[in-house]
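*Asks:* I need the structure of the sequence given here:
(one chain, ligands or ions: 1)
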Amino acid sequence: MYALGLQDIDIDKIEKIPLAERLPSNFLKVFECEIPEPKDDEVLVKIFGAGLNYNSVWQSICSPLSSKSLIEGHVRRNSKDIHHLKNYYIFGSDGAGIISKVGTKVKNWKIGDQVVIHCNVVPTHEKNIDDMKSLSQSIWGYETNFGSFAEYTCVKYNQLLKKPAHLSWPEAGSYMLTLGTAYRMLASNNGAKIQKGENCLIWGGAGGLGSFAIQICKMIGAKSIAIVSNFEKANYCKSLGADFVINLSEFGSFEYLNKLESPNYLFWKKFKNKINDVINGEVDVVFEHIGKDTLGFSIYILKKGGRVVTCAASSGYLAKIDLRYLWMEVKSLIGSHFANLQEAEMANKLMINKTIKPVTKTIIKFDQIPIFLDKMYNRENVFGKIGIKF
Ligand code: NDP
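*Replies:* This is a model prediction of the structure:
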């Protein structure tokens, strides 16, 4: 079968190049490999639609770790998955397709079923235990092999969800990772558990996470304040139902941190006042994934007792924060990562019953994956999700 990702020989070369000079399309390639054989608790799915996620950017540039290290880590935690160790790594953590083979212990699913695959890999789901706290937990197509950028993928049967009948394949194959993540961050007890009437500031409102975060706020009755970098993205957020949009291009310079990478308090104060003026109130929850550049400000801007919920650090994971604004103002910083099975199922239900609408604005062909990962990395004008048609 054909697949897209990296091979061992590529990783050796990439790791010798300075990080600032690495770009996904410089390294990613299509290669031929064997169709994986499902183990007893796995299924083989023929992929009909998939989606791009930022984790494929990280994998392509081997930062912070190469796929080889990530998958070796998964196998150390899950010795049964030794078959994931190959000399190639297939990327892709979102996909939808049709089951074409089932392992002997697979329950409730059969050949021919149309499925969406969620990316949380755990050997078993234990009732009343949060999967995300399991020591064996990994993300499919990132910390495990056989991701969705291939003709076939091999996944645990407990990763399967019903495909919403009204969605096209690229739509069905591109929402789960970011919708599930945004759902846990905002709606779940494991996240910020946002309440009706609260104000939620959403970084990257037009991105994959942001476009679902806006819709989740709307569903709950919370007010969303989407932050974006240009006019087109601002309009897109409004079309999704954002209550307020802050277009960064309308401000002068954006210096959250000064030259020594310490908090730029003057700018923070100015920007906080501006946002509070626009919303005529204060921010209860910040939906974070930018990291180094904005985390300190995200804590600062909250009203007393507010919460920052974060799942990522696109601008860097070593962030400087001023702890005084956390403890003196009794705020919380909540870490969140994808979604457990119950949260993924809840998120999928919202898509099935059309409470949440798909945000797959761009549909690309398989061989365009590298170029579109570059666009995500460079913060070009991409909106919502990018779907892949097979
Ligand atoms: P997208 O590329 O779809 O959107 C990210 C948005 O963030 C962009 O639209 C951009 O908006 C904004 N952005 C990027 N860099 C900066 C910056 N330095 N300052 C301000 N805004 C910035 O990505 P996703 O929404 O899918 O993912 C975002 C991050 O979350 C990634 O790092 C990803 O790996 C991570 N993630 C983590 C998950 C988890 O489970 N832990 C799950 C899903 C994603 P604009 O240009 O308008 O400012």
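*Asks:* how many neighbours does whichever residue of the stretch 1-150 of the chain sits closest to the ligand have?
*Replies:* Relative to the ligand, the nearest point of the stretch 1-150 of the chain is Tyr54 (3.4 Å; C-beta to the nearest ligand atom). Yep, even glycine has a C-beta here, placed from its N, CA and C like the rest. Residues lying near Tyr54 (other C-beta atoms under 10 Å) number 20.
*Asks:* Okay, and the closest residue to it other than its chain neighbours sits in which element?
*Replies:* Among residues not flanking Tyr54 along the chain, Met376 sits closest, at 6.0 Å (C-beta to C-beta, 6 or more residues apart in numbering). Here Met376 sits within helix 369-377, counting by DSSP states H and E.
*Asks:* quick one: that helix to chain centroid distance?
*Replies:* 15 Å (C-alpha atoms, centre = their mean, to the nearest Å).
*Asks:* Could you pull out the buried residues of that helix?
*Replies:* Using 16 or more other C-beta atoms under 10 Å as the test for burial, helix 369-377 gives Ile369, Pro370, Phe372, Leu373, Asp374, Lys375, Met376, Tyr377.
*Asks:* Contacts for stretch 233-247 next, please.
*Replies:* Stretch 233-247 is contacted from outside by 202, 205-206, 210-211, 214-215, 217-218, 223-231, 274-275, 278-279, 359, 361, 381, 383-384, using C-beta atoms under 8 Å, 6 or more residues apart in numbering.
*Asks:* can you list the buried residues of helix 369-377 in a markdown table and add pLDDT?
*Replies:* Shown next, in a markdown table, are those (pLDDT from 0 to 100):
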| residue | pLDDT |
| --- | --- |
| Ile369 | 98 |
| Pro370 | 98 |
| Phe372 | 97 |
| Leu373 | 98 |
| Asp374 | 97 |
| Lys375 | 97 |
| Met376 | 95 |
| Tyr377 | 95 |
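*Asks:* And the residues you listed, which is closest to the ligand?
*Replies:* Checking those one by one against the ligand (C-beta to the nearest ligand atom), the nearest turns out to be Met376, at 4.3 Å.
*Asks:* List the contacts of the closest one.
*Replies:* Counting by C-beta under 8 Å, 6+ apart, Met376 makes contact with Leu52, Tyr54, Val57, Val382, Ile386.
*Asks:* show me the contacts for the closest residue to Leu295 other than its chain neighbours.
*Replies:* Excluding the flanking residues, the one nearest Leu295 by C-beta to C-beta, 6+ apart is Ala319, at 4.1 Å. By C-beta under 8 Å, 6+ apart, the contact set of Ala319 is Gly291, Lys292, Leu295, Gly296, Ala313.
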